[in-house]
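*Asks:* can't give you the sequence, but here's the structure:
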């Protein structure tokens, strides 16, 4: 197959290229020469452009689009999230239809159904009753809706929803934990006792590989590791791979969540550009349980995890 990947210069994109290039021809969107160089080094062919400028001509003869690019930040202007996550996805869908691309695989997230409350055993039938708590969640949910609504006889679409992606080359989660610990800024919320589902990057790549030919159009699928665990066990396990012992300091999540909202509002009002010391997104994710069921992916994609936690941590 000819496969076109967005986000090919990122953490997940690199694993997608590496996992698929032996079986398929891989092309990847490159917004800069630096991104193009990374994509070439990874063994794929760079295609110069951006989500808002990509043309149908650049997608000629593509069999599958894997849309992994996203604006993944804890905070910032809503317009930035909408431009990348919503408008960018809609324009990519338009280009795919115009080029006659037959299949579109969207990398979504469990955040599309997240609430500021514990959620255990969530499956794909669950629909949040309240407003999503931060811009990333809101815009990724809108992007997923656009992708699933675009499913048609001409364009087969589906979405994969990973949780807390981790693994070799992680540029977000583990580096953030290490930086906070080294600067003496790390603390637990509610002792890290909340349960979470996680997704090793190789388990997600395996789901993507299966979704090239499997699944039902217009459907979303949760993808997660075999076992759930507490946030404390997960984060501590990652930190230990860097030789970092995290402190015991803990504060109540019920206190921090409203404070985070006040801090963000103050940062916006004062025009402060640097990241605030606490964000609504971090406070929510660190103080609420979120576990998901993967029955649907196992049944309709014939998927199952290929990397267990102990092996994944050993590889780090």
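*Replies:* Yep, that arrived. Remember, it's a predicted structure, so these values are computed and weren't measured experimentally.

*Asks:* other SSEs contacting the strand or helix carrying residue 234?
*Replies:* Using DSSP states H and E, residue 234 sits in helix 231-240. Counting contacts by 3 or more Cβ pairs under 8 Å, 6 or more residues apart in numbering; DSSP states H and E, helix 231-240 is packed against helix 173-182, strand 195-196, helix 309-315. No exception for glycine: its C-beta is placed from N, CA and C like everyone else's.

*Asks:* ranking these by burial, who's on top?
*Replies:* Mean neighbours per residue, mean count of other Cβ atoms under 10 Å, is largest over these for strand 195-196, with a mean of 21.

*Asks:* which SS state does residue 215 fall under?
*Replies:* Following DSSP: H, G, I helix; E, B strand; the rest coil, the label given to residue 215 is coil.

*Asks:* Next, count neighbours for it.
*Replies:* The local packing of residue 215 (other Cβ atoms under 10 Å) involves 25 other residues.

*Asks:* how about it, what does it touch?
*Replies:* Applying Cβ atoms under 8 Å, 6 or more residues apart in numbering to residue 215 gives the contacts 158, 221, 300-301.

*Asks:* if we go to 6 Å?
*Replies:* Applying Cβ atoms under 6 Å, 6 or more residues apart in numbering, we find residue 215 in contact with 158, 300-301.

*Asks:* what pairs with the nearest residue to residue 29 once chain neighbours are set aside across the strands?
*Replies:* Of all residues not flanking residue 29 in the chain, residue 6 sits nearest, at 4.7 Å (Cβ to Cβ, 6 or more residues apart in numbering). As for beta bridges, residue 6 partners with residue 67 under DSSP bridges.

*Asks:* How confident was the prediction at residue 6?
*Replies:* You'll see residue 6 listed with a pLDDT of 98.

*Asks:* Could you pull up the contacting residues of it?
*Replies:* The contact partners of residue 6, by Cβ under 6 Å, 6+ apart, come to 29, 67-69.

*Asks:* quick one: which of the residues you listed is most hemmed in?
*Replies:* Tallying neighbours with other Cβ under 10 Å puts residue 29 at the head of the contacts of residue 6, with 28 neighbours.

*Asks:* can you confirm that one is in a helix?
*Replies:* No - counting by three-state DSSP, residue 29 falls outside a helix, being strand.

*Asks:* how far away is it from residue 35?
*Replies:* Computed as Cβ to Cβ, to the nearest Å, the residue 29 to residue 35 distance reads 8 Å.

*Asks:* now residue 75
*Replies:* 24 Å.

*Asks:* repeat for residue 57
*Replies:* As judged by Cβ to Cβ, residue 57 and residue 35 stand 20 Å apart.

*Asks:* More neighbours: which of those two?
*Replies:* Higher neighbour count among residue 57 and residue 35: residue 35, with 19 against 9, using other Cβ under 10 Å.

*Asks:* so what's the most centrally placed residue in the chain closest to, chain neighbours aside?
*Replies:* Centroid check for the chain by Cα atoms, centre = their mean gives residue 109 as the closest residue, at 5.1 Å. Among residues not flanking residue 109 along the chain, residue 140 sits closest, at 5.3 Å (Cβ to Cβ, 6+ apart).

*Asks:* hang on, the one you found in a helix?
*Replies:* Yes - the assignment for residue 140 by three-state DSSP puts it in a helix.

*Asks:* how many neighbours does it have?
*Replies:* 28.

*Asks:* quick one: contacts for it?
*Replies:* Per Cβ under 6 Å, 6+ apart, neighbours of residue 140: 85, 109, 111-112.

*Asks:* I'd like to know which elements the helix or strand residue 291 falls within is packed against.
*Replies:* Residue 291 is part of strand 290-292, with elements assigned from DSSP H and E. On a contact count with 3 or more Cβ pairs under 6 Å, 6 or more residues apart in numbering; DSSP states H and E, strand 290-292 meets strand 119-122.

*Asks:* what does the strand it packs on rub up against?
*Replies:* 289-293.

*Asks:* Next, the buried residues of it.
*Replies:* For strand 119-122, the neighbour count (16 or more other Cβ atoms under 10 Å) marks 119, 122 as buried.
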